[in-house]
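A.B. asks: I'll drop the sequence and a predicted model, then ask my questions.
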Amino acid sequence: MSDSMSETERARVCVPVCVRRADELRPSFEQAAGLADIVELRLDCLDRGQLAVALQRLTELLAGAPGQRFIITYRPRGQGGGCDLSLEERLGFWLELPGRLRGAAGRERAFADVELDLLESPRSDSLDGLFRNFTVICSHHDIQETPDDLSNIFGRKARTPADVLKMAARANSITDCVEVVGLCERARREGRECIAVSMGEAGLLTRVLAPAFGAYLTYGSLDAAQATAPGQVEARALQEMIRAHAVERVEMPALIRHRDERALVAREQRECAHRCAGTVIVESRSLRYALTRLGGRLLLLLGRLGEAEGQRVDCAQYAQASPG
């Protein structure tokens, strides 16, 4: 992919559009496009009976947004989606979609987010048309916990012909984030694009920091009502408070030294900020010190960072977003 994170060195913000009626898609899409690098159309959020209407209007919708990249998603409830969908229903949707957009302006800007279980199913060979017409994201979502076999799951995704490999898992502790974001380093070594998200309050920092470790994009909601995952920050706040469009590669290892409950994200401070309830104090440490404290789990994250000393982020805060 020509605009890979390794080339642009900037964070991309993806804003999901999650509405119940087809006639709500256009205004929400236009609003999201004003904030996003990529807009995700969560068609699984539509009420029953609205999908057919939405698909009929999809070509017109995309033609009205020249240059806008977009992701089409049709996710089952068991993986964090908006409705109950069988594997056969999802397969039928993806088989039909290329025909729906045949000849449509902007089809080359389209991503298709397809779950790993579907790409591993016996019917996956019938999805050749999807790979010919879209940039495919192979995703796996665990809405309960961070799996112990993340490496194995990543390997399974890497064996598919997908362009981007996505892992989203609920973080029940902040150390879960290390394992998830560490997949970005493996993806970099293997020449693959990766999206890494830890869901929930404990995973909030990954929405800010994952692009610094090479994640292809980070997600921010259009508003609280359209948040599509626990811990998703509103896109406007994400961009304004942490300057997501300027996130670059991390240049120093750091350890979180303290966190009070219900912390809020604050924009980067060049001078020491006032310490208040919810402050996260991040202090620079050598790689050797970090590995001693947290062990080998940090190796993937910090291997490229070196022994950077003397730089310090004095205060940062992060916010708890309402579950979607």
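C.D. replies: Structure's in. What do you need?
A.B. asks: Give the buried residues for the helix or strand where V53 lies.
C.D. replies: Assigned by DSSP states H and E, V53 belongs to helix 51-63. For helix 51-63, a neighbour-count test (16 or more other Cβ atoms under 10 Å) marks L51, A54, L55, L58, T59, L61, L62 as buried. Using the backbone N, CA and C atoms, a C-beta is placed for each residue, glycine as well.
A.B. asks: Quick check: chain neighbours aside, which residue is closest to the last one?
C.D. replies: Setting aside the residues directly before and after it, L62 is nearest to G106 in space (Cβ to Cβ, 6 or more residues apart in numbering), at 4.5 Å.
A.B. asks: What pLDDT is listed against that neighbour?
C.D. replies: Note on G106: pLDDT of 77.
A.B. asks: That one - how many residues pack around it?
C.D. replies: For G106, the number of neighbouring residues by other Cβ atoms under 10 Å comes to 18.
A.B. asks: Which residue ranges of the stretch 1-150 of the chain form helices?
C.D. replies: 5-8, 25-33, 51-63, 87-100, 116-119, 128-133, 150-158 (DSSP state H, counting those that start in this stretch).
A.B. asks: In TSV, list the ones you listed along with mean pLDDT.
C.D. replies: Listed next are the helices of the stretch 1-150 of the chain as TSV, based on pLDDT from 0 to 100:
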stretch	mean pLDDT
helix 5-8	39
helix 25-33	92
helix 51-63	90
helix 87-100	94
helix 116-119	97
helix 128-133	92
helix 150-158	96
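A.B. asks: so where's this protein uncertain?
C.D. replies: Counting by pLDDT under 70, the chain contains low-confidence ranges at 1-11, 223-235, 237-324.
A.B. asks: how's it carved up into domains?
C.D. replies: 5-246, 254-317 (automatic domain parsing).
A.B. asks: returning to that earlier point: identify the farthest-apart pair in the buried residues of helix 51-63.
C.D. replies: L51 and L62 (16.3 Å; Cβ to Cβ).
A.B. asks: L183 is in contact with F154, correct?
C.D. replies: Yes - counting by Cβ atoms under 8 Å, F154 touches L183, with 5.5 Å between them.
A.B. asks: Report the set of residues contacting both of these two.
C.D. replies: L165, M167 (Cβ atoms under 8 Å, 6 or more residues apart in numbering).
A.B. asks: more neighbours, the two?
C.D. replies: Comparing F154 with L183 by other Cβ under 10 Å, the one with more neighbours is L183, at 26 against 21.
A.B. asks: element containing that one, please.
C.D. replies: Using DSSP H and E, L183 falls within helix 174-189.
A.B. asks: what angle separates that helix from helix 150-158?
C.D. replies: Here helix 174-189 runs at an angle of 40 degrees relative to helix 150-158 (axes from the mean of the first three to the mean of the last three Cα atoms, to 10 degrees).
A.B. asks: next helix or strand past helix 174-189?
C.D. replies: Past helix 174-189, the next helix or strand by DSSP H and E is strand 193-199.
A.B. asks: Now that next one: buried residues?
C.D. replies: In strand 193-199, counting by 16+ other Cβ under 10 Å, buried: E193, C194, I195, A196, V197, S198, M199.
A.B. asks: what's that strand packed up against?
C.D. replies: The contact analysis (3 or more Cβ pairs under 8 Å, 6 or more residues apart in numbering; DSSP states H and E) places strand 193-199 against strand 164-170, helix 174-189, helix 204-209.
A.B. asks: And P27, how close does it get to R20?
C.D. replies: Taking Cβ to Cβ, to the nearest Å as the measure, P27 falls 13 Å from R20.
A.B. asks: can you check D44 too?
C.D. replies: Distance of D44 to R20, given as Cβ to Cβ: 11 Å.
A.B. asks: do the same with R132
C.D. replies: Distance, R132 to R20, using Cβ to Cβ: 32 Å.
A.B. asks: now I174
C.D. replies: According to Cβ to Cβ, I174 stands 34 Å off from R20.
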